[in-house]
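Chemist: Pasted the sequence and its predicted model underneath.
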Amino acid sequence: MSAAVLLSLTASALRWAAEHPWTVAAVLLVAAVAAGALLRRRREAARRERVRASALRYAVGQLDALDHRAFEFAVRDLMRRDGCADARQVGGRGDNGADVKATDPYGRLWVIQCKHRRDGWSGKPVGTPALQVLNGTGRQVHHGDVLVMLTNGRITADATVFARSQRLHLVDRRLLAEWAAGGRPLWELLRVLPPGSPGRWGVRGGV
């Protein structure tokens, strides 16, 4: 369409609007009412989601019954429950050692690697090699402030020593059960976290 035609159509539309002001006003009013209704629906949906998330609880047996991908989404939802509005599941092919990423109310970026064991505590323990992957990518690739290895199983003693030396945080079956079933955010259950900006909760010592 040429500029001349576009200008002609614009001028015609403006003349029509000037000749029919009440029609234009009615259309604008209807549009405003529709936009307001849509905004209210979105706000109500967001409110319902906050209420749902605030009451989210899992028994560790429920987490055992999930497959590994659903387990990652459950961890994402628990982080959202605790106030990480941007928590997202990122695990999959080429995830570079991250399954869930979230920013807490202190502004700290959490990078969580999830290891689901269908047999729970009796399953294969998480060892040092898995932690080495997280340690190699968590800060350099994902720019995480808090790096977490999380499992519904157990973690070897060697991996625990390695985690302490590299400032990695471990969530085993016992701690996962406490976090998933309770009302305390994960940063209250872990200790020696990096400082962050003031948020809605204080960070207290934990396991």
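Modeler: Okay, I see it.

Chemist: List the residues that contact the residue lying closest to residue 172 once chain neighbours are set aside.
Modeler: Excluding the flanking residues, the one nearest residue 172 by CB to CB, 6 or more residues apart in numbering is residue 155, at 5.2 Å. C-betas here are computed from N, CA, C, even on glycine. Contact analysis of residue 155 by CB atoms under 8 Å, 6 or more residues apart in numbering lists 125-127, 149, 163, 170, 172.

Chemist: could you redo the last one with a cut-off of 6 Å?
Modeler: 126, 170, 172 (CB atoms under 6 Å, 6 or more residues apart in numbering).

Chemist: quick one: which of those residues is most hemmed in?
Modeler: residue 126 (23 neighbours; other CB atoms under 10 Å).

Chemist: and it, backbone torsions?
Modeler: Residue 126 adopts backbone torsions of phi -80, psi 130, taken as degrees, to the nearest 10.

Chemist: With residue 170 instead?
Modeler: Torsion angles, degrees, to the nearest 10, at residue 170: phi -120, psi 130.

Chemist: quick one: contacts for it?
Modeler: 149, 155, 163.

Chemist: Dump the contacts of residue 155 into TSV; add distance to residue 63 and pLDDT as well.
Modeler: Output for these, formatted as TSV (distance: CB to CB, whole Å; pLDDT from 0 to 100):
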residue	distance to residue 63	pLDDT
126	15	98
170	16	98
172	12	97
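
Chemist: need these in a markdown table with distance to residue 179, can you?
Modeler: As requested, those are arranged in a markdown table below (distance: CB to CB, whole Å):
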| residue | distance to residue 179 |
| --- | --- |
| 126 | 17 |
| 170 | 12 |
| 172 | 11 |
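
Chemist: for the residues you listed, which one is nearest residue 116?
Modeler: Relative to residue 116, the closest of the contacts of residue 155 is residue 126; by CB to CB it sits at 10.5 Å.

Chemist: The closest one is in contact with residue 154, isn't it?
Modeler: No - Residue 126 is beyond contact range of residue 154, at 7.3 Å (criterion: CB atoms under 6 Å).

Chemist: residues in contact with residue 72?
Modeler: Per CB under 6 Å, 6+ apart, neighbours of residue 72: 89, 91, 99-100, 114.

Chemist: Quick check: pLDDT value at it.
Modeler: Turning to residue 72, the model gives it a pLDDT of 97.

Chemist: and it, helix, strand or coil?
Modeler: helix (DSSP: H, G, I helix; E, B strand; the rest coil).

Chemist: For residue 112, see how far away it is.
Modeler: 9 Å (CB to CB, to the nearest Å).
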